[in-house]
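Enquirer: I would like to see how this sequence folds:
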Amino acid sequence: MEEVKGHHVKVQKTAHYYTLGEATRNTKYFWLVCHGYGQAADRFIRKFDQIVDSDSFILAPEGLSRFYWHGPRIPVSSWMTSKDRLDEIADYARYIQSLYDQYVPLMSPDVHIILLGFSQGVATQFRWVMRNFPKFHHLILWAGFVPEDLDYRPHGTYFSDKKLTFVYGNEDEFLTPERIDWHRQLIEEQNLNIQTIQFEGQHRIDRSILQNLVQSRIRS
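Expert: Numbering: from 1, shown residues only. Predicted coordinates for the structure are as follows:
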């Protein structure tokens, strides 16, 4: 019997993303937000409509892999799986970087750049950041962990002038106390300075916590 051989080929693919606000020279706050597993960017971005002012622009890329979940009429997306993971990481890193390169030049050189990942989107943001080292000011890890297979210690200078915030609900069914302790230890070992904010709630973006975060950590 002939051996099955795996192959790879690069193809063009149409990616989809959604925005709130306008990217102009008057934009003071640029948010690049990545949804979690099994979500859709057009619905995810609505979580941020309350923080959009005339000086804000929010961009939500959608994962490159769509599938049906919770019924045949609800298409959602994923950023990657364990199969051919390095190819998928490279693909979405190029995708996010292309959006970053497209929109950042449209805004003021001193625009405040906030990266936010939710759940699977946290690792997505971190892996893109560690490949391209883009300019940003604040990275928010919402209900997701720092990828454990990357070494952040050689890049302490890069992270030293940036705010990193880990936000999670105390009833999050995916983040057990044991996992939280493991993540805290990982952060310490990697010399990452990450502030933790815990709220009463489950695995979701809490609008009131987001609003408080904007006022206390972004616009302060």
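Enquirer: what's the burial count for H137?
Expert: Other residues near H137 come to 15 when the count uses other C-beta atoms under 10 Å. Bear in mind the C-beta positions are built from the backbone N, C-alpha and C, glycine included.
Enquirer: likewise F118?
Expert: Other residues close to F118 by other C-beta under 10 Å number 25.
Enquirer: before we move on, what about Y100?
Expert: Y100, neighbours per other C-beta under 10 Å, totals 21.
Enquirer: repeat for K83
Expert: 7.
Enquirer: try I113
Expert: Count around I113 with other C-beta under 10 Å applied: 18.
Enquirer: Pretty sure it sits in a strand.
Expert: Yes - according to DSSP: H, G, I helix; E, B strand; the rest coil, I113 belongs to a strand.
Enquirer: Now the phi/psi pair for L59, please.
Expert: For L59, the backbone dihedrals (degrees, to the nearest 10) come out as phi -130, psi 130.
Enquirer: again with I45
Expert: According to degrees, to the nearest 10, I45 has phi -70, psi -20.
Enquirer: measure the closest residue to it other than its chain neighbours to G121 for me?
Expert: What sits nearest to I45 in space, not counting adjacent residues and going by C-beta to C-beta, 6 or more residues apart in numbering, is A60, at 3.9 Å. To G121, A60 is 10 Å away according to C-beta to C-beta, to the nearest Å.
Enquirer: if I look at these two, which residues touch both of them?
Expert: Taking C-beta atoms under 8 Å, 6 or more residues apart in numbering as the contact rule, the neighbours common to A60 and G121 are 33-35.
Enquirer: ranges for the strands of the chain?
Expert: For the chain, the strands defined by DSSP state E occupy 17-21, 29-34, 56-61, 65-68, 75-78, 112-118, 138-142, 163-169, 194-199.
Enquirer: The second one to strand 138-142, inter-axis angle?
Expert: Read that as strand 29-34. Calculated by axes from the mean of the first three to the mean of the last three C-alpha atoms, to 10 degrees, strand 29-34 forms an angle of 40 degrees with strand 138-142.
Enquirer: next one: the first one
Expert: Using the same axes, to 10 degrees, one finds that strand 17-21 and strand 138-142 are set 120 degrees apart in direction.
Enquirer: Dump strand 17-21 to PDB, keeping only the CA atoms.
Expert: Only the C-alpha atoms of strand 17-21 are listed here, as PDB (Å, rounded to 0.1, in the frame of the first residue of the first chain):
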ATOM      1  CA  TYR A  17     -13.000  42.000   9.700                       C
ATOM      2  CA  TYR A  18     -15.300  44.600  11.300                       C
ATOM      3  CA  THR A  19     -14.800  48.100  12.600                       C
ATOM      4  CA  LEU A  20     -16.500  50.700  14.800                       C
ATOM      5  CA  GLY A  21     -15.600  54.300  14.400                       C
END
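Enquirer: Much appreciated, bye for now.
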